[in-house]
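Peer 1: Mind folding the following:
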Amino acid sequence: MLDSAIFTWVHQLVGYLLEPVTLAMLLLVAVAVWDVGVACGERLGGLRRWRLLPLAAVERRARKRLERSDLIARLGPILGLMGTLIPLGPGLAALGDGDIQVLSVAMRVAFDATVLGLLGGMGGFVLGRLRRRWYDELLESMEREQGVGDESLAL
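Peer 2: Predicted coordinates:
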């Protein structure tokens, strides 16, 4: 049953996914590191310059950056899990054949993929939480300032 042509084909296809998944994880971690730099720039003065923009433009920018952080936070663990499971198939097959060396390499790759995926996800999660707080504070103060200005015009 499990040795049919379709399972052989699926096994080969999944084996080809390890390199693209690993490259995607590396790219994701690079984007997370870049996003940390952007967030540091925002915190160290960039958000003060946002006050000069219209409220709608600030909301658009904030939404875009939060979406990027959320995407990083969600994709990291997904790619890490894929990178964990893909090498375990050949590793377990090698264990069945008694080849402990192949199993140890597969386990090392699996654990490295897990850590890399969680690292990217953690970075995205932390950035998203910090940014939500920063953007909420900024938007609330901008709305208060506009509200105060509107009341003074009505008098």
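Peer 1: Output the below-cut-off pLDDT ranges for this structure.
Peer 2: Along the chain, the model assigns pLDDT under 70 to residues 1-2, 148-155.
Peer 1: For it, which segments count as strands?
Peer 2: Ranges of strands in the chain, per DSSP state E: none exist.
Peer 1: For it, which segments count as helices?
Peer 2: 5-16, 18-41, 47-50, 55-97, 100-154 (DSSP state H).
Peer 1: Taking the centroid of this structure, which residue is nearest it?
Peer 2: Residue closest to the average C-alpha location in the chain (CA atoms, centre = their mean): residue 72, at 1.5 Å.
Peer 1: Which residue is the nearest non-sequential neighbour of that residue?
Peer 2: Leaving aside its sequence neighbours, residue 72 sits nearest to residue 124 (CB to CB, 6 or more residues apart in numbering; 2.9 Å). In short, each C-beta sits where N, CA and C put it, glycine included.
Peer 1: Next one: the one you found from residue 75, what distance?
Peer 2: 8 Å (CB to CB, to the nearest Å).
Peer 1: before we move on, what about residue 45?
Peer 2: In terms of CB to CB, residue 45 sits 30 Å off from residue 75.
Peer 1: For those two, indicate the residue with more neighbours.
Peer 2: A count of neighbours by other CB atoms under 10 Å puts residue 75 above the other of residue 45 and residue 75, at 20 against 9.
Peer 1: Tell me how many other residues crowd the residue lying closest to that one once chain neighbours are set aside.
Peer 2: Once flanking residues are discounted, residue 75 sits nearest to residue 28: 5.8 Å by CB to CB, 6+ apart. Neighbourhood size, residue 28 [other CB under 10 Å]: 24.
Peer 1: How about residue 97?
Peer 2: So residue 97, with other CB under 10 Å, has 10 neighbours.
Peer 1: Distance-wise, check residue 121 relative to residue 6.
Peer 2: Residue 121 is 33 Å from residue 6, by CB to CB.
Peer 1: Of the two, which one has the most company?
Peer 2: Neighbour tally, residue 121 and residue 6, criterion other CB under 10 Å: the higher count belongs to residue 121, 22 against 8.
Peer 1: ok, that one touching residue 75?
Peer 2: Yes - under the criterion of CB atoms under 8 Å, residue 121 makes contact with residue 75 at 7.5 Å.
Peer 1: got the contact list for residue 116?
Peer 2: 25, 26, 29, 80, 83 (CB atoms under 8 Å, 6 or more residues apart in numbering).
Peer 1: Cheers, nothing more for now.
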